[in-house]
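K.L.:
Got a predicted structure plus its sequence, pasted below:
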Amino acid sequence: MVNPRLRIDKWLWQARFFKTRSLAAKQVSGGHVRLNGNRVLKSAQPVGPGDVLTFPQGRIVRVVRVEELGERRGPASEAQTLYTDLTEKRDETPKNPGFGGKGRPTKKDRRALDLSRTKEG
């Protein structure tokens, strides 16, 4: 039985990780994509179910396992069935800095500052 395979750039595009196939091909040919831990330099490298891909997307490094090969670039709900996301979940929202007496003064603080300036003069 023949194991079905698909070009890595085409699969990344069909799974909606990249907006265009040429962007996916640039990432692959730039050496930014790893297939089962090995760096891939050719966008024609075949992938199939069970393969693990590692690549940067934005500020995070995505790790996904190929589950299926797509027939087309369909809607996002269809694309999400093509892979299992193995990326570690992190809380990416930056926390608000504490006040600590820094930053813009309140109206009360400004009035006190103005009063202290007028008394000195």
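P.N.:
Structure received. Residues are numbered from 1 along each chain as shown.

K.L.:
Just give me how far the least confident helix or strand in the chain by mean pLDDT sits from the chain centre.
P.N.:
In the chain, no helix or strand scores lower on mean pLDDT, DSSP states H and E than helix 107-120, which sits at a mean of 80. On the basis of Cα atoms, centre = their mean, to the nearest Å, helix 107-120 sits 49 Å off its chain's mean C-alpha point.

K.L.:
ok, and what's touching that helix?
P.N.:
Under the criterion Cβ atoms under 8 Å, 6 or more residues apart in numbering, residues residue 105 lie in contact with helix 107-120. (Glycine included, C-beta is placed from N, CA and C.)

K.L.:
Report all helices and strands that the helix or strand hosting residue 22 contacts.
P.N.:
Element membership for residue 22 (DSSP states H and E) is helix 21-29. When contacts are defined as 3 or more Cβ pairs under 8 Å, 6 or more residues apart in numbering; DSSP states H and E, helix 21-29 packs onto helix 8-14.

K.L.:
what packs against the helix it packs on?
P.N.:
In this structure, helix 8-14 packs against helix 21-29, strand 33-35, strand 46-47, strand 52-57, with contacts taken as 3+ Cβ pairs under 8 Å, 6+ apart.

K.L.:
Which positions in the first one come out as buried?
P.N.:
So the one you mean is helix 21-29. Neighbour-count burial for helix 21-29, counted by 16 or more other Cβ atoms under 10 Å, picks out 21, 24, 25, 27, 28.

K.L.:
What sits closest to the residue most central in space within the chain if chain neighbours are left out?
P.N.:
Against the mean C-alpha coordinate of the chain, by Cα atoms, centre = their mean, the closest residue is residue 57 at 3.6 Å. Leaving aside its sequence neighbours, residue 57 sits nearest to residue 17 (Cβ to Cβ, 6 or more residues apart in numbering; 6.2 Å).

K.L.:
In three-state terms, how would that neighbour be classified?
P.N.:
At residue 17, secondary structure determined by DSSP: H, G, I helix; E, B strand; the rest coil is coil.

K.L.:
Wait, it touches residue 56, no?
P.N.:
No: using Cβ atoms under 8 Å, residue 17 is not in contact with residue 56, being 10.4 Å away.
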